[in-house]
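Q: Need the 3D shape of this:
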Amino acid sequence: MKNLVKAIIAIAVVCAALMYLVNSLDKTSSQGGADILTVYNWGEYIDPALLKKFEKETGIQVIYETFDSNEAMITKVDQGGTNYDIAIPSEYTIEQMKQKDLLLPVDHSKIPNLKNIDEDFLDLDFDKKNEYSIPYFWGTVGIVYNPKMLKKDLDFTSWDQLWDPSLKGEVLLVDSAREVMGMSLNSMNLSLNSTDSTELNKATDKLIKLSPNVKAVIGDEVTQLMVNGDAPAALTWSGQAADMMYDNEDLTYSVPNEGSNLWFDNMVIPKTSKNVEGAHKFINFMLDPENAAQNADYVGYSTPNKAALKLLDPEVIHDERYYPSAEVRKNLHVYKDLGKEKIGEYNELFLKFKMSLQ
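A: Okay, here's the model as predicted:
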């Protein structure tokens, strides 16, 4: 009988422990509440010290998750498995999220630091009046290159220079359909938002002609390869180029004259947020001039925070490779949401190009 009682007590203890564990898991899986903020961002796209500072100032614990593409991000948010309080998508993805009713409007009265954002980066077409998004970083797509490794005197003021025979087997491309297809479209003075199938096929044909020059189509590995001198030229984003140039002073960056992409990443509040108040506190915190400057210095991308610019290295903010003038920006274009069918066409044609590399 004593053994039976002991067994019953043991079972009760185990059950209690399991109930506690389940409740804990439920609390964690919901990832929400006044004392928790779940942030969904690109990898290495924030200074970790700022997350600690935010936690210390507010008492709110930050759960930080990363994604590697806008498509992966919107799919996970749409599925609703995790209640993200903050996400940081690109402009055309914000359009998609608005259409899918995945976002909450931002209460500007709770973000007094919004006054620090340069007006040139507010009220843009993808989110008029910044009803659903607040600027985080911006930049361009261009070519990072090492003049010392080139066999010819190329300055990459034209996209067509990537097709130069002297670059056979030497060019790195980012593994992204919009960037690579956009580059080819721009090289023919066509819109990087083209939805004309004839133009898209012409762009693909031109990319296939680039195949002999392509060393690899890769992701973040492009940074280390360029720093190590494994290739003389690469298609990349301005912030990524900044990281490369910091580690290898022989590298420089150019945005070709035919035009390119001007991109924006903004902070949004997904509709499933369980800490809307905390989300507004986080956005306002990131727009503080000191925090924005610290973040820009760490990440390497261009900040839209005009107050933060005063705290950054003057050599950086006056360098048009990082902060192109308003005149230069007139020839740059923002990606638009082209719709599921056309994005599918872009991806198929990009795959056709990649198959030509084999």
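Q: so how far is stretch 311-325 from its chain's centroid?
A: Averaging C-alpha positions (C-alpha atoms, centre = their mean, to the nearest Å) puts stretch 311-325 20 Å from its chain's average.
Q: Could you report the separation of F353 from I88?
A: From F353 across to I88, the span is 29 Å (C-beta to C-beta, to the nearest Å). Using the backbone N, CA and C atoms, a C-beta is placed for each residue, glycine as well.
Q: let me fix that: P135
A: 10 Å.
Q: shared neighbours of the two, which are they?
A: Counting by C-beta atoms under 8 Å, 6 or more residues apart in numbering, the shared contacts of P135 and I88 are N266, M267.
Q: And the strands in the stretch 101-250 of the chain?
A: 103-104, 134-145, 171-174, 214-218, 233-237 (DSSP state E, counting those that start in this stretch).
Q: give me the low-pLDDT residue ranges for the protein?
A: Residues of the chain meeting the criterion pLDDT under 70: 1-33.
Q: hmm, try it at 50
A: 1-10, 12-31 (pLDDT under 50).
Q: And the helices in it?
A: 2-30, 48-58, 70-79, 91-99, 177-187, 197-210, 221-227, 238-247, 276-286, 289-299, 306-309, 314-317, 326-329, 340-355 (DSSP state H).
Q: Let's have the strands of the stretch 101-250 of the chain in TSV, adding distance to N284 and mean neighbour count.
A: Shown next, in TSV, are the strands of the stretch 101-250 of the chain (distance: least, C-beta to C-beta, whole Å; neighbours: other C-beta atoms under 10 Å):
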stretch	distance to N284	mean neighbour count
strand 103-104	16	19
strand 134-145	9	26
strand 171-174	33	22
strand 214-218	37	18
strand 233-237	27	25
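Q: re the thing from before, could you identify which of the helices of the chain is most buried?
A: helix 177-187 (a mean of 23; mean count of other C-beta atoms under 10 Å).
Q: ok, residues contacting that one?
A: 141, 158-160, 162, 173-174, 191-192, 194, 199-200, 203-204, 206-207, 210, 217, 235, 237, 256, 258-261, 335, 343, 346-347, 349-350, 353.
Q: now stretch 94-106: how far from the chain's centre is it?
A: That offset, for stretch 94-106, works out to 17 Å (C-alpha atoms, centre = their mean).
Q: begin at 24 from here
A: Renumbered: residue one is now 24, and that last one reads stretch 117-129.
Q: Off-centre distance for stretch 205-220?
A: Distance, centroid of stretch 205-220 to centroid of chain: 21 Å (C-alpha atoms, centre = their mean).
Q: Then stretch 269-285?
A: 17 Å.
Q: Report how many residues lie close to G66.
A: 11 (other C-beta atoms under 10 Å).
Q: Wait, it touches E88, no?
A: No: using C-beta atoms under 8 Å, G66 is not in contact with E88; the gap is 10.0 Å.
Q: Tabulate the strands of the stretch 124-273 of the chain in CSV, adding columns for distance to N289.
A: CSV is the format used below for these (distance: least, C-beta to C-beta, whole Å):
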stretch, distance to N289
strand 126-127, 11
strand 157-168, 5
strand 194-197, 21
strand 237-241, 27
strand 256-260, 16
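Q: out of those, which comes closest to M268?
A: Across the strands of the stretch 124-273 of the chain, M268 has its closest neighbour in strand 157-168 (7.3 Å, C-beta to C-beta).
Q: For that closest one, name the packing helices and strands.
A: Counting contacts by 3 or more C-beta pairs under 8 Å, 6 or more residues apart in numbering; DSSP states H and E, strand 157-168 is packed against helix 200-210, strand 256-260, helix 261-270, strand 275-277, strand 283-290.
Q: mind checking how far it is from the chain centre?
A: 9 Å.
Q: ok, back up a step: which one, of the helices of the chain, ends up nearest to S132?
A: Here helix 299-309 is closest among the helices of the chain (C-beta to C-beta), at 9.2 Å.
Q: Span of stretch 185-192 from start to end?
A: 11 Å (C-alpha to C-alpha, to the nearest Å).
Q: what's in contact with that stretch?
A: Taking C-beta under 8 Å, 6+ apart as the rule, stretch 185-192 contacts 166, 173-175, 177, 179, 194, 206, 210, 229, 232-233, 235-238, 255-256, 258.
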